[in-house]
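Visitor: Sharing a sequence plus its predicted fold:
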Amino acid sequence: MKTFYAPASMGNFCVGFDALGAALQPIDGSLLGDQVSVEAAERDSFSCIGPYADKLSSIPEDNLAYQCLLHFKQHVAPSMPAVAMTLHKGLPVGSGLGSSACSVVAAFAALNDFAGTQLSQSQLIELMADFEAKVSGARHYDNITPCYLGGLQLTAECIADKAISVAHDESWFYVIAYPGFALNTAKARQALPQQFSLHDTVEFAQRLSGFCLLMQSGQFDKALAMMQDSIAEAARAPLIAGFSEAKKALPDLGAELVSISGAGPTLFAICKSEQQANAVQQWLQQNYINEAGFSHICRLDTLGTRELKDQK
Ligand SMILES: Nc1ncnc2c1ncn2[C@@H]1O[C@H](COP(=O)(O)OP(=O)(O)OP(=O)(O)O)[C@@H](O)[C@H]1O
Ligand SMILES: N[C@@H](CCO)C(=O)O
């Protein structure tokens, strides 16, 4: 049996709505994502286990990972032998951490390996984006590609191979806090303005391109100073209880930036020291998350989706 792990990710990354995404790795070494195991079997089967399995339908056909298996057998590798697939659901649904992307990416990575189909990066990303789009209300790559490739990715349909890795400051800490309630991505997208002025559109492009060039040239503090969300935050903050209070309070504890992770409700804060990250996390644990929520101090996960070794 082989097990593939797909890390959590933060779509948008504040300054790049639908265009930037970053994969996360808790600094305590714990896994924050989904896992898909596959092994040869007499007949196809699917099971979903893990801490968030009960948040999903118990009907296999309703699960994205199983839908990936059915699609793969029908359209990619019809001669593939029967397989027993197990999804370990390690991320809450509607979290803002790329939960559905994790299931899809881990499933296709595991199936591509099991069937020996050796799909290209672009072919795999297109497959993954097709399935992510089924549930998120739109086709966006900013969870799929950082989850699959790792790191910070500039990502879009129009980009060669769908993603370009962007340099990042390895000393930054990302404090993430999932409050414990869900926010459906499709609903969070419906809350967005349907039109932006020419001025706002041009400014978004100027800010995103400036950010990427500054990051790529190692001018990380200048890049950090450019980080503003002019597309989604104003419309989505009212949907996320406590976000506005956190945005006001956390800079006093050392947060350089506070922004929404993906479509929310998870938020993230960028800190330059672990001491500041601990202070920010403590505030979030006391004021932002309920008993079903969690917080992690993270770095960027630079490995992306990978096989977990010594799985029995
Ligand atoms: N394996 C799966 N993982 C996550 N969602 C799934 C899965 N299978 C089916 N779904 C359904 O897909 C929908 C995912 O919606 P949504 O995109 O809001 O969640 P998400 O991907 O978990 O959110 P986010 O990307 O913000 O973490 C939910 O309605 C969920 O029930
Ligand atoms: N970029 C998408 C999803 C991110 O997880 C959005 O903000 O709706």
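Guide: Alright, I've got the coordinates. Numbers count the residues shown, from 1 in each chain. Ligands and ions are numbered 1, 2, ... in the order given.
Visitor: When you work out contacts or count neighbours from here on, use the C-alpha atoms and nothing else.
Guide: Fine.
Visitor: for the stretch 151-300 of the chain, what spans make up the helices?
Guide: Secondary structure of the stretch 151-300 of the chain (DSSP state H, counting those that start in this stretch): helices at 185-190, 198-216, 220-225, 233-236, 243-249, 274-287.
Visitor: residues of the least confident helix or strand in the chain by mean pLDDT that come out buried?
Guide: One helix or strand of the chain scores below all others by mean pLDDT, DSSP states H and E: helix 121-136, with a mean of 90. Under the neighbour-count criterion of 16 or more other C-alpha atoms under 10 Å, helix 121-136 has 124-133, 136 buried.
Visitor: Stretch 301-312 too?
Guide: Result for stretch 301-312 [16+ other C-alpha under 10 Å]: buried residues 301-307.
Visitor: Among those, which are located in strands?
Guide: Among the buried residues of stretch 301-312, the members found in strands (DSSP state E) are 306-307.
Visitor: Identify the bridge partners of the residue most central in space within the chain.
Guide: Nearest to the mean C-alpha position of the chain, counting by C-alpha atoms, centre = their mean, stands residue 9 at 2.4 Å. Assessed by DSSP bridges, residue 9 has beta-bridge partners residue 23.
Visitor: so it sits right up against residue 21, yeah?
Guide: Yes: assessed by C-alpha atoms under 8 Å, residue 9 is found in contact with residue 21 at 6.7 Å.
Visitor: now the helices of the stretch 151-300 of the chain as a markdown table including mean pLDDT and mean neighbour count?
Guide: As requested, those are exported to a markdown table (pLDDT from 0 to 100; neighbours: other C-alpha atoms under 10 Å):
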| stretch | mean pLDDT | mean neighbour count |
| --- | --- | --- |
| helix 185-190 | 93 | 17 |
| helix 198-216 | 98 | 16 |
| helix 220-225 | 98 | 15 |
| helix 233-236 | 98 | 17 |
| helix 243-249 | 98 | 16 |
| helix 274-287 | 98 | 18 |
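Visitor: which residues touch the closest residue in space to residue 232 that isn't next to it in sequence?
Guide: Using C-alpha to C-alpha, 6 or more residues apart in numbering and skipping the chain neighbours, the partner closest in space to residue 232 is residue 192 (6.3 Å). Taking C-alpha atoms under 8 Å, 6 or more residues apart in numbering, we find residue 192 in contact with 231-232, 235-236.
Visitor: go on, residue 272?
Guide: Counted by C-alpha under 8 Å, 6+ apart, residue 272 has contacts 171-173, 254-256.
Visitor: Tell me how far residue 278 lies from ligand 2.
Guide: Remark: distance between residue 278 and ligand 2 (C-alpha to the nearest ligand atom, to the nearest Å) = 25 Å.
Visitor: What about the nearest residue to that residue once chain neighbours are set aside, how many residues nearby?
Guide: In this structure, residue 278 finds its nearest non-sequential neighbour in residue 297, 7.7 Å apart by C-alpha to C-alpha, 6+ apart. The local packing of residue 297 (other C-alpha atoms under 10 Å) involves 23 other residues.
Visitor: Residue 297 and residue 247, how far apart?
Guide: 17 Å (C-alpha to C-alpha, to the nearest Å).
Visitor: now swap in residue 174 and tell me
Guide: 15 Å.
Visitor: Also residue 147?
Guide: 26 Å.
Visitor: cool, residue 87 as well?
Guide: 35 Å.
Visitor: Find the nearest non-adjacent residue to the closest residue to ligand 2 within the stretch 151-300 of the chain, please.
Guide: The nearest approach of the stretch 151-300 of the chain to ligand 2 comes at residue 262, 3.5 Å away (C-alpha to the nearest ligand atom). Using C-alpha to C-alpha, 6+ apart and skipping residues adjacent in sequence, the residue nearest residue 262 is residue 11, 4.0 Å away.
Visitor: Identify the residues contacting that neighbour.
Guide: Going by C-alpha under 8 Å, 6+ apart, residue 11 touches 17-22, 96-98, 142-143, 261-263.
Visitor: cool, and residue 257?
Guide: Contacts of residue 257 (C-alpha under 8 Å, 6+ apart): 224, 227, 251, 269-271.
Visitor: need the residues of this protein near ligand 2, please.
Guide: 11-12, 17-18, 96, 98, 142-143, 185, 189, 262-263 (C-alpha under 6 Å from any ligand atom).
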